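K.L.:
Quick one, fold the following:
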Amino acid sequence: MMEFGIKIYGYDPLLSKEEIEAFGVNALDDFNIIMDCVIMAVVHEEFKNKSFLSTGSFFRKKVLNDKPIIVDVRGMFDGEEAKRKRFYCRRL
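P.N.:
Below is the predicted model of the structure:
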């Protein structure tokens, strides 16, 4: 993705900034940027408790663009529910 000029950020509440950056990505300290795509690679309780798909959630209103994409690596979300909530959602 970096070859195409895509900025990659990582967030994991269980890892330090240094541990995240060891993966070759920028550590996301706070959610002050608008993202086009989120790749959910881990199923931490913190992520389950946040209503990412909810149209009124902080994440949806403040972090994602108006045509959000989710790549759901771990099967965390119901694909049909994501589509109903206007996400482009794919599972790996």
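K.L.:
Can you pull out the residues in contact with stretch 78-92?
P.N.:
With contact meaning Cβ atoms under 8 Å, 6 or more residues apart in numbering, stretch 78-92 is reached by L53, S54, T55, K67, P68, I69, I70, V71, D72, V73, G75, F77. C-betas here are computed from N, CA, C, even on glycine.
K.L.:
So the protein: which segments form each domain?
P.N.:
The chain breaks down into these structural domains: 1-30, 33-92 (assignment by automatic domain parsing).
K.L.:
Let me have those in JSON lines, adding mean neighbour count as columns.
P.N.:
Shown next, in JSON lines, are the domains of the chain (neighbours: other Cβ atoms under 10 Å):
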{"stretch": "domain 1-30", "mean neighbour count": "12"}
{"stretch": "domain 33-92", "mean neighbour count": "14"}
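K.L.:
looking at the ones you listed, which has the lowest confidence?
P.N.:
Of all the domains of the chain, the segment with the smallest mean pLDDT is domain 33-92, scoring a mean of 81.
K.L.:
in this structure, which residue is closest to the centre?
P.N.:
For the chain, the residue nearest the mean C-alpha position is V38 (3.0 Å; Cα atoms, centre = their mean).
K.L.:
what is the nearest residue to it once chain neighbours are set aside paired to in the beta sheet?
P.N.:
Excluding its sequence neighbours, the residue lying closest to V38 (Cβ to Cβ, 6 or more residues apart in numbering) is I70, at 5.3 Å. I70 has the following beta-bridge partners by DSSP bridges: V38, C89.
K.L.:
thinking I70 is in contact with A41, fair?
P.N.:
No. Distance between I70 and A41: 11.3 Å, which falls outside the contact criterion (Cβ atoms under 8 Å).
K.L.:
follow-up on the earlier one: pull the contacting residues for the residue nearest to the centre of the chain.
P.N.:
Remark: with contacts taken as Cβ under 8 Å, 6+ apart, V38 is in contact with F52, L64, P68, I69, I70, V71.
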